[in-house]
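S.K.: The following comprises the amino acid sequence and a computationally predicted model.
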2 protein chains.
Amino acid sequence: MQAPLYDPSLDDFFDMIKTFITLSPESKLAMAGILEKRELPKGHHLVHAGAVCRHVYFIEKGLTRTYYVKDGKDVTDWISTEKTVATSIVSFITGMPDIRSIELLEPTVLWAIGHDDLQKLYNESHEIERFGRLLVSYGLVQMQQRFDDLHFATARERYRKLITQHPDIVQRVPLGMVASYLGITQETLSRIRADFTI
Amino acid sequence: MQAPLYDPSLDDFFDMIKTFITLSPESKLAMAGILEKRELPKGHHLVHAGAVCRHVYFIEKGLTRTYYVKDGKDVTDWISTEKTVATSIVSFITGMPDIRSIELLEPTVLWAIGHDDLQKLYNESHEIERFGRLLVSYGLVQMQQRFDDLHFATARERYRKLITQHPDIVQRVPLGMVASYLGITQETLSRIRADFTI
DNA sequence: CGTTAGTTTGAGAGGACTCAAAGTCTGTGG
DNA sequence: CCACAGACTTTGAGTCCTCTCAAACTAACG
């Protein structure tokens, strides 16, 4: 009987990423060395506005919101649910500060990967470099789809798409935050929703 | 006196990508083996709607437009100028067909990289895998910025930003295409522009 | 059970859209 | 070199969607 080489709950993480890569045992071990599991309360901030984001977070349980303030108004940029990634992507990639903050909308369990740790593994392992490439590629596909939704759709179309593709978000996220995520005001979303439920 | 190992005009390509990576001589040689230079006339389509996009294109000279048809209307999704990349990114990454087409708005000189060729080099070279990662990362940053522009800005703000950041696009691209790129109608853009020049 | 965060409702203003028509530019053939 | 066709842009009028500002309502939490 041999002790496991890494925290068995890390398999949740490897499950999460298996949509785009299955790592070799060595790479898993290497990743295990830099992944940090964290349990954080609702309201906690992972990233503060004006700071550099030095981590990527894989959400195992819970819900995060990336947002910023534009013209005095709170704008929700991204919402990350279970089995997805949260990070202030431009800041993480460029190393520059960004106006975006990330807050937890629920008590959250996540895996954090530090930027420098990851760079180190990139240097050491071709496979993990590939993991990085695929992770970003996957993010780019998601961003494009979100962009398309916003590009030439009415408020109504955007809401309809959201409730069909991510019904849980509407349940778990306050209406005002969902509204700005969709690029509309809270009042408009409230009225649209009233129409839909008749 | 030694013959160059690759077409010297390829240095334009290596210049183009040096904002994010400087390749080793071996990697340059490997890339030289898969890069194809093409000179194509205005109006030529690099990608057709409904097809899979199997190439990434680096624009050396000229101008491309990525677009699709939504509800019978032509929507400009992306505009690529000199020293930037054009591709139908979701299709290229996922290997699935996409509604996007790419056309040349001017006679264009570009470097084409085939998907399968690139995958092969990814397998052979860690450094080229890194090149891929950085290329996608760079694309993600651009996409995020474009997304932000669209998210909560008025038609006026979007136009102002475009003319300050990419004044050449307004000169070289027909107004209707610029309008849909900004997410507004041609008539609205025409009126905005009239105001600006007073 | 009060306080606060969150949501709904109302009224009015305004931006952007649609449909339609008139200009303007540009390249090609006579 | 001019004239015309087709592509592109502007202008107009009316409508509608979404916004803003304001106030009332509801739910959740300590």
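M.R.: Cool, got the structure. Residues are numbered from 1 along each chain as shown, chains lettered A, B, ... in the order given.
S.K.: Now do the helix or strand encompassing residue A:33: everything it contacts.
M.R.: Using DSSP states H and E, residue A:33 maps to helix A:25-34. Helix A:25-34 is contacted from outside by A:5-7, A:10, A:13-14, A:23, A:113-114, A:117-118, A:120-121, A:124-125, A:127-128, A:131, using Cβ atoms under 8 Å, 6 or more residues apart in numbering or on different chains. For the C-beta atoms, the positions are set from N, CA and C on the backbone; glycine is no exception.
S.K.: same thing with stretch A:131-147?
M.R.: So stretch A:131-147 is contacted by A:17, A:19-21, A:23, A:27, A:31, A:56, A:85, A:89, A:93, A:118, A:122, B:89-90, B:93-94, B:122, B:129, B:132-133, B:136-137, B:139-140, B:143-144, B:146-147, B:150 (Cβ under 8 Å, 6+ apart).
S.K.: Return the set of buried residues in that stretch.
M.R.: In terms of neighbour count (16 or more other Cβ atoms under 10 Å in any protein chain shown), stretch A:131-147 has its buried residues at A:131-141, A:143-144, A:146-147.
S.K.: of all those, which comes closest to residue A:65?
M.R.: Nearest to residue A:65 among the buried residues of stretch A:131-147, counting by Cβ to Cβ, is residue A:146 at 14.4 Å.
S.K.: so that closest one is in which element?
M.R.: Assigned by DSSP H and E, residue A:146 falls in helix A:126-151.
S.K.: quick one: is that helix near DNA strand C?
M.R.: No: against DNA strand C, helix A:126-151 shows no contacts by Cβ under 7 Å from any atom of the strand, the least distance being 10.7 Å.
S.K.: Now the element after that helix, going C-ward?
M.R.: helix A:155-165.
S.K.: elements contacting that next one?
M.R.: The contact analysis (3 or more Cβ pairs under 8 Å, 6 or more residues apart in numbering or on different chains; DSSP states H and E) places helix A:155-165 against helix A:126-151, helix A:167-172, helix A:175-182, helix A:186-197.
S.K.: before we move on, back to that, could you check the angle the helix or strand just after the helix holding residue A:33 makes with helix A:25-34?
M.R.: Downstream of helix A:25-34, the first helix or strand assigned by DSSP H and E is strand A:35-40. Strand A:35-40 runs at 40 degrees relative to helix A:25-34, counting by axes from the mean of the first three to the mean of the last three Cα atoms, to 10 degrees.
S.K.: what residues does strand A:35-40 touch?
M.R.: A:7, A:9-10, A:13, A:46, A:60, A:62, A:104, A:107-114.
S.K.: Return the residues of chain A in contact with chain B.
M.R.: Contact residues (Cβ under 8 Å from any Cβ of the partner chain) of chain A with chain B: A:70, A:73, A:75, A:77, A:89-90, A:93-94, A:122, A:126, A:129-130, A:132-133, A:136-141, A:143-148, A:150-152, A:180, A:183.
S.K.: Can you sort out which of these also neighbour DNA strand D?
M.R.: Applying Cβ under 7 Å from any atom of the strand to those, those adjacent to DNA strand D are residue A:183.
S.K.: tell me the phi and psi of the residue nearest in space to the middle of chain A?
M.R.: Residue closest to the mean C-alpha point of chain A, counted by Cα atoms, centre = their mean, is residue A:86 at 2.4 Å. Backbone geometry at residue A:86, expressed as degrees, to the nearest 10, gives phi -130, psi 130.
S.K.: on that earlier part again, just the buried residues of stretch A:131-147 now: which is nearest residue A:172?
M.R.: Among the buried residues of stretch A:131-147, and counting by Cβ to Cβ, the member closest to residue A:172 is residue A:146, at 18.1 Å.
S.K.: Tell me how far that closest one lies from residue B:123.
M.R.: Per Cβ to Cβ, to the nearest Å, residue A:146 is found 31 Å from residue B:123.
S.K.: So which bits of stretch A:5-15 are buried?
M.R.: Under 16+ other Cβ under 10 Å, the buried positions of stretch A:5-15 are A:6, A:10, A:12, A:13, A:14.
S.K.: Just the endpoints, please. Distance across that stretch?
M.R.: End-to-end span of stretch A:5-15 (Cα to Cα, to the nearest Å): 17 Å.
S.K.: For stretch A:177-193, which outside residues touch it?
M.R.: A:65, A:67, A:73-79, A:105, A:150, A:155-156, A:158-159, A:162, A:169-170, A:173, A:175-176, B:150-152.
S.K.: same deal with stretch A:150-162?
M.R.: A:149, A:169-170, A:178, A:181-184, A:188-189, A:192-193, A:196, B:70, B:73, B:75, B:77, B:147, B:150-151, B:180, B:183.
S.K.: Right, I'll leave it there.
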